[in-house]
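# Sequence plus the predicted model coming up.
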Amino acid sequence: MKILYFGDVVGRSGRDVLVAQLPKIRERLSPDFIVVNGENAAGGFGITEKIAEEFYTAGTDCIVLGNHSFDQKEIMPFLEKDARMLRPINYPKDTPGRGASVFKTRRGKSILVVQVMARLFMDPLDDPFAAVDKMLVGNPLGRKYDAILVDIHGEITSEKMSMGHFCDGRVSMVVGSHTHVPTADAQIFPGGTAYQTDAGMCGDYNSVIGMDKEEPLRRFTRKIPGGRFTPALGEGTACGVFVQTDDKTGLASYISPLRVGGRLIEIWPEGS
């Protein structure tokens, strides 16, 4: 199975580059399943139903969120009814939405997608490791599901990497989100799980993690807020991770970063 994951979509620049590049990416890579982190898609904070439908129309199969899941209040009823959109699984029990969902690909393969949020320098949610473990017990990769993807939304690299090793051999891939910068550690762990600490963002990299530079610089240099953070509006780069899995085991056979458009050096998987 070929799986594509795109990191946090930030504002209009992120939306525009993702929607514009997806047709070319799909034609060139022929992915079976596409996951997009959309938690910053609406002005940098949250997502709306209209934006979600735009992503689905462009070819996205699943949207994952994070700590900004509920910034746009209108999304709550949509989260309740749309099984394709996931918020972190370790939110409290009665939180709207779901943290995991099972999908069927166009070729009839089954894929379980789980999103979880880390805790270091993040909201103090339930134990992410216990939440993921509970989801994986009784759901064996390669038998019940053809592939399993875990999105770990967190600030600290060590916590995300620990989740990768915790899941090694039990899932197809663990990919990190939230920090908006692509890391250079795409690899397959000894047990066969593909891993990258952060996929990076889809957005304008002539910015401070996707936001217009003026306000973050003011706060760092003067320690005085002067206004709201607003997304940068320059040309965006679409950053993601491409993984191929073994049809028998569901474990990863290949992983590569994907970067298209904008300011960053373009990267495509080998042979594409």
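Yep, it's here. Just so it is clear, the structure is predicted and the values come from calculations on it, not from any experiment.
# Going by C-alpha atoms from here, please, whenever you check contacts or count neighbours.
Fine.
# I'd like the distance between the spatially most central residue of the chain and R15.
Nearest residue to the geometric centre of the chain (C-alpha atoms, centre = their mean): N37, 3.8 Å. Separation of N37 from R15 (C-alpha to C-alpha, to the nearest Å): 11 Å.
# This structure: helices as residue ranges?
For the chain, applying DSSP state H gives helices covering 11-29, 49-58, 75-81, 128-136, 157-167, 214-222.
# shared neighbours, N37 and R15?
V9 (C-alpha atoms under 8 Å, 6 or more residues apart in numbering).
# Any idea which of the helices of the chain gets closest to E235?
For E235, the closest of these is helix 11-29, at 6.2 Å, according to C-alpha to C-alpha.
# and the closest one, what other elements does it pack with?
helix 49-58, strand 238-245 (3 or more C-alpha pairs under 8 Å, 6 or more residues apart in numbering; DSSP states H and E).
# about what we covered before: test my guess that the residue nearest to the centre of the chain contacts F6.
Yes. In this structure, N37 is within contact of F6 by C-alpha atoms under 8 Å, at 6.2 Å.
# Quick check, pLDDT for R106.
Looking at R106, its pLDDT stands at 89.
# just checking, it touches D32?
Yes. With contact defined as C-alpha under 8 Å, R106 counts as touching D32 (6.7 Å).
# So these two - more neighbours on which side?
Taking neighbours as other C-alpha atoms under 10 Å, R106 and D32 compare with D32 leading, 18 against 10.
# residues contacting that one?
Per C-alpha under 8 Å, 6+ apart, neighbours of D32: M1, K2, I3, T105, R106, R107.
# State the pLDDT value of the first one.
Meaning M1. At M1, the pLDDT recorded in the model is 96.
# Please determine how far it is located from M173.
For M1 relative to M173 (C-alpha to C-alpha), the value is 12 Å.
# Among those two, which residue is more densely surrounded?
M173 (33 against 23).
# for the residue nearest to that one when sequence neighbours are not counted, what are its contacts?
Leaving out its chain neighbours, the residue that sits closest to M173 by C-alpha to C-alpha, 6 or more residues apart in numbering is A194, at 4.4 Å. With contact set as C-alpha under 8 Å, 6+ apart, A194 has these partners: S172, M173, V174, A186, Q187, I188, V243, L251, A252, Y254, I255.
# same thing with M1?
For M1, the contact set (C-alpha under 8 Å, 6+ apart) comprises P31, D32, A147, Q244, T245, D246, D247.
# ok, now A41?
Taking C-alpha under 8 Å, 6+ apart as the contact definition, A41 lies against D8, V9, V10, G11, R12, G14, R15, I47, I51.
# Report how many residues lie close to the first one.
Meaning D8. Counted with other C-alpha under 10 Å, D8 comes out at 35.
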